[in-house]
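Chemist: whatever this is, show me its structure:
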Amino acid sequence: MSRVGKNPVAIPAGVTVSVDGENIVTVKGAKGTLSEKINKRISVKVEGSSVVLTRPSDEREDKAMHGLYRVLIANMVKGVTEGYEKGLVIAGVGYKVTKQGNKIVLNVGYSHPVELDAPEGITFECPSQTEIVVKGIDKVSVGQTAAVIRSVRKPEPYHGYGIRYKDEVILRKEGKTAGKK
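Modeler: Model (predicted):
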């Protein structure tokens, strides 16, 4: 069996998991509700306080789907209990961010400010003028929103200016040096 897929997903207190006839898994918790359509080849069963996934054969595709859907369900359970967050840092002279309602306004060296609206289920926090925290219950949408914000001004390798993830390390390049004449 798949090393990941064979592990059952523990259901914490306060979370309900249900599977309907079309293999759609719905997870409800304190922070909200998430659902995911699971491939028909993978069977999902709620047994006591855990979710168990099984596959019909040891074919390569079945093994891949087994582990994938187990992790997706585990991410949904974690999302409705704890939630996800992704931190971004803005570096550059005069670069800053401001929050206006449910959108952020980025001043990152362009001739105009860049405004980004928060997608449904996502919230922005700006602890300082150079930090953004993207929060939500869906891991995929939190990561995608953070990637969209980062793509406004990717970090450049010479000075490190731009928008980067909080834990991202920018490999710096050496600038030009005066050569011999």
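
Chemist: residue contacts, the residue most central in space within the chain?
Modeler: Geometric centre of the chain, nearest residue: G143, 2.9 Å, by Cα atoms, centre = their mean. Taking Cβ atoms under 8 Å, 6 or more residues apart in numbering, we find G143 in contact with Y84, K86. Heads up, the C-betas are built off the backbone N, CA and C, glycines and all.

Chemist: that one: which element?
Modeler: helix 139-152 (DSSP states H and E).

Chemist: list the buried residues of that helix.
Modeler: Buried residues in helix 139-152, counted by 16 or more other Cβ atoms under 10 Å: K139, S141, V142, T145, A146, I149, R150.

Chemist: need the CA coordinates for it. CSV is fine.
Modeler: Output in CSV follows, covering the C-alpha atoms of helix 139-152 (Å, rounded to 0.1, in the frame of the first residue of the first chain):
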residue,chain,number,x,y,z
LYS,A,139,-4.7,25.5,1.6
VAL,A,140,-4.8,25.8,-2.2
SER,A,141,-6.4,29.2,-2.4
VAL,A,142,-4.2,30.6,0.3
GLY,A,143,-1.1,29.5,-1.6
GLN,A,144,-2.5,30.7,-4.9
THR,A,145,-3.4,34.1,-3.5
ALA,A,146,0.1,34.5,-2.0
ALA,A,147,1.6,33.5,-5.4
VAL,A,148,-0.5,36.2,-7.2
ILE,A,149,0.7,38.8,-4.7
ARG,A,150,4.3,37.8,-5.1
SER,A,151,4.0,37.9,-8.9
VAL,A,152,3.2,41.7,-8.8
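
Chemist: what's the next secondary structure element after that helix?
Modeler: With secondary structure assigned by DSSP H and E, helix 139-152 is succeeded by strand 162-165.

Chemist: for the lengthiest helix in the chain, packing partners?
Modeler: With DSSP state H setting the assignment, residue counts place helix 60-81 as the longest helix in the chain. In terms of contacts (3 or more Cβ pairs under 8 Å, 6 or more residues apart in numbering; DSSP states H and E), helix 60-81 is packed against strand 9-10, strand 24-28, strand 33-37, strand 50-54, helix 139-152.

Chemist: now that helix against strand 33-37, angle please.
Modeler: Between the axis of helix 60-81 and that of strand 33-37 there is an angle of 170 degrees, by axes from the mean of the first three to the mean of the last three Cα atoms, to 10 degrees.

Chemist: what's in contact with helix 60-81?
Modeler: Residues contacting helix 60-81 (Cβ under 8 Å, 6+ apart): 1-5, 7, 9-12, 14-15, 17, 25, 27-34, 36, 38-39, 41-42, 44, 51, 53-56, 84, 136-139.

Chemist: list the neighbouring strands of the longest strand along the chain plus their orientation.
Modeler: Across the chain, the longest stretch assigned as strand under DSSP state E is strand 84-91. As defined by DSSP bridges, the strand partners of strand 84-91 come to strand 131-136 (antiparallel), strand 162-165 (antiparallel).
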